[in-house]
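>>> okay, here's the prediction I keep looking at, along with the sequence it came from:
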Amino acid sequence: MKNIYSNIYSFNKKVLKKTIKSLNRGNLVGLPTETVYGLAGNAYSKKAVKGIYKLKRRPKKNPLIVHYYDIAQASKDVILNKNFFKLHKKFCPGPITFVLKKTKSSKIVSSATSNLNTVAIRFPNHKIIKTILKLLDFPLAMPSANLSSKLSPVNAVDVFENFKKNLKIIIDGGQSKIGIESTVVDLTKKLKILRPGIIDSEEIKKVLKVNLSKKGSKIKSPGMLKKHYSPGIPIILGRKPKNSSHAYIVFGKKFKNIYNYFNLSKKADLKEAASNLYKTMRRIKKKGFKKIFVAKIPNFGPGVAINDRLTRASR
Ligand code: TXA
Ligand code: MG
């Protein structure tokens with residue numbers, strides 16, 4: 001039988017060489033990170049950036065995150081500041097993205113940042129992507145490897161299901177440990193969280209010893225779609241399904257083990273729940289349920305990110 005996943009590769013020296021060659025030519029590859037899988041291309045190449053928007057069917061006004069191996073590499077493209085250094089020291093490499101002002105000499109293709117004068121940068125923490133970034137002489141523009149508005153992928157097969165053979169190389173780096181996208185924090189003016197993630201506002205405040213801009217204000221990133229992270233079936237929040245033909249996403253030990261109940265974390269651990277979120281929504285869809293109901297999930301720590309994704313998915 002022909003292997004339908006013939007574009008999914010295990011990581012080895014030969015595959016590394018092939019990947020580097022492909023990225024050098026301005027082609028795209030699917031790569032694992034600790035948060036979600038990404039669709040990677042040379043951030044300095046017009047061809048690569050154009051390819052990313054086209055393949056993802058992403059609106060042009062939604063800028064991409066640019067990924068670096070280290071600070072030295074990033075300093076060519078963005079103006080680093082005190083808050084950046086503090087947060088970088090504490091959390092990087094890791095699941096946090098910084099919005100900073102672009103340098104005049106930056107080689108980042110302007111369409112990658114939707115012509116803004118700022119760039120969102122990240123230092124991912126996964127062995128495979130770190131090995132690749134270290135060998136390249138350009139950073140990687142890398143949005144999550146899903147079609148625009150759909151669920152982000154957390155393993156290589158999820159990436160395949162989005163792009164099939166339109167992506168020549170997808171590297172299998174196992175299940176993404178964190179399972180939701182990085183926290184995006186704006187460091188250009190008043191400190192502000194644009195997209196919540198596993199690193200929450202309390203942790204950021206503690207490191208910077210400051211208050212975040214307008215507590216409880218609306219989270220907004222340019223181009224951030226109203227409807228996003230959608231599994232493709234209706235989601236109803238804060239309610240229980242009337243019968244067992246609908247799926248019920250729950251959290252904590254008080255829920256029974258029933259076949260249409262999907263527990264994000266029996267031990268009520270919000271980090272674990274975040275890592276199970278997209279995986280669970282995909283499983284429910286594959287099982288053929290036509291609707292998802294979701295129990296109340298605590299709205300603190302990683303719970304803020306979980307509720308953000310669920311709210312967008314339910315629109
Ligand atoms: O965990 C992650 O961040 C993953 C992995 C692959 O690294 N990437 C990811 O990228 O989630 P993407 O493209 O799906 O989300 C990028 C987010 C969007 O909400 C976008 O609006 C915001 O970052 N963003 C990008 N550039 C920005 C900028 N200059 N100013 C403000 N927000 C920006
Ligand atoms: Mg995304």
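Okay, I see it. Numbers count the residues shown, from 1 in each chain. Ligands and ions are numbered 1, 2, ... in the order given.
>>> doesn't Leu16 make contact with Thr131?
Yes - between Thr131 and Leu16 a contact is recorded at 6.7 Å, counting by C-beta atoms under 8 Å. For every residue, glycine as well, the C-beta is placed using N, CA and C.
>>> what ranges do the helices span in the stretch 151-300 of the chain?
Secondary structure of the stretch 151-300 of the chain by DSSP state H, counting those that start in this stretch: the helices cover 156-163, 201-208, 270-286.
>>> let me see the contact set for His67.
Going by C-beta atoms under 8 Å, 6 or more residues apart in numbering, His67 touches Gly38, Ala40, Ile121, Arg122, Phe123, Pro124, Ile129, Leu133, Pro139, Leu140, Ala141, Met142.
>>> 10 Å instead?
By C-beta atoms under 10 Å, 6 or more residues apart in numbering, the contact set of His67 is 31, 33, 38, 40, 43, 73-74, 93, 97, 120-124, 129-130, 132-133, 139-142.
>>> what's the separation between the nearest residue to it once chain neighbours are set aside and Phe255?
Nearest non-adjacent residue to His67, counting by C-beta to C-beta, 6 or more residues apart in numbering: Leu140, 4.5 Å away. Note on Leu140: its distance to Phe255, by C-beta to C-beta, to the nearest Å, is 40 Å.
>>> between the helices of the stretch 151-300 of the chain, which one is nearest to Lys177?
Nearest to Lys177, of all those, is helix 270-286, at 6.7 Å by C-beta to C-beta.
>>> list the buried residues in that closest one.
For helix 270-286, burial by neighbour count (16 or more other C-beta atoms under 10 Å) applies to 270-282, 284-285.
>>> do stretch 166-184 as well
Those buried within stretch 166-184 under the rule 16+ other C-beta under 10 Å are 167, 169-173, 176-184.
>>> same for ligand 1: which of those are within range?
On the criterion C-beta under 6 Å from any ligand atom, Glu181, Ser182, Val184 are the entries of those that sit beside ligand 1.
>>> can you pull the pLDDT of the first one?
In this case it means Glu181. The model reports Glu181 with a pLDDT of 97.
>>> if we can go back for a sec, of the ones next to ligand 1 among the buried residues of stretch 166-184, closest to Asn211?
When these are compared for distance to Asn211 (C-beta to C-beta), Val184 wins out at 18.3 Å.
>>> so what's the closest one bridging to?
Thr97, Arg195 (DSSP bridges).
>>> ok, it - contacts?
Val184 touches 65, 96-99, 120, 122, 192-197, 219, 221, 224, counting by C-beta under 10 Å, 6+ apart.
>>> same question, Leu16
Counting by C-beta under 10 Å, 6+ apart, Leu16 makes contact with Tyr9, Ile128, Thr131, Ile132, Leu135, Ile171.
>>> go again using 7 Å as the cut-off
Counting by C-beta atoms under 7 Å, 6 or more residues apart in numbering, Leu16 touches Thr131.
>>> what comes up buried for the helix or strand that contains Lys17?
Element membership for Lys17 (DSSP states H and E) is helix 13-24. Across helix 13-24, burial judged by 16+ other C-beta under 10 Å covers Val15, Leu16, Lys18, Thr19, Ser22, Leu23.
>>> the last one and Lys168: what is the separation?
Think Leu23. 11 Å.
>>> quick check: closest non-adjacent residue to Asn155.
The nearest residue in space to Asn155 (C-beta to C-beta, 6+ apart) is Gln175, at 5.1 Å.
>>> surely that neighbour is in contact with Pro153?
No - the criterion here is C-beta atoms under 7 Å, and Gln175 misses it with Pro153 at 10.4 Å.
>>> follow-up on the earlier one: so which of the contacts of His67 belong to strands?
Here DSSP state E is the test, and the contacts of His67 give Leu31, Gly38, Ala40, Thr97, Ala120, Ile121, Arg122, Leu140, Ala141 as lying in strands.
>>> now neighbour count and pLDDT too, for those, in TSV please.
Compiled in TSV, the ones in strands among the contacts of His67 are given as follows (neighbours: other C-beta atoms under 10 Å; pLDDT from 0 to 100):
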residue	neighbour count	pLDDT
Leu31	28	98
Gly38	32	98
Ala40	30	98
Thr97	24	98
Ala120	25	98
Ile121	26	98
Arg122	27	98
Leu140	28	99
Ala141	30	98
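>>> format the residues you listed as CSV; extra columns: distance to ligand 1.
What follows is these, written out as CSV (distance: C-beta to the nearest ligand atom, whole Å):
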residue, distance to ligand 1
Leu31, 8
Gly38, 3
Ala40, 8
Thr97, 5
Ala120, 3
Ile121, 9
Arg122, 5
Leu140, 9
Ala141, 9
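>>> give me every residue in the protein lying close to ligand 1.
33, 35-36, 38, 62-65, 97, 99, 113, 116, 118-120, 122, 124, 142-144, 181-182, 184, 194-195, 221-224.
>>> any stretches of the stretch 151-300 of the chain with poor pLDDT?
For the stretch 151-300 of the chain, the stretches with pLDDT under 70 are 213-220, 222-225.
>>> count of residues packed around Lys165?
By other C-beta atoms under 10 Å, 10 other residues sit near Lys165.
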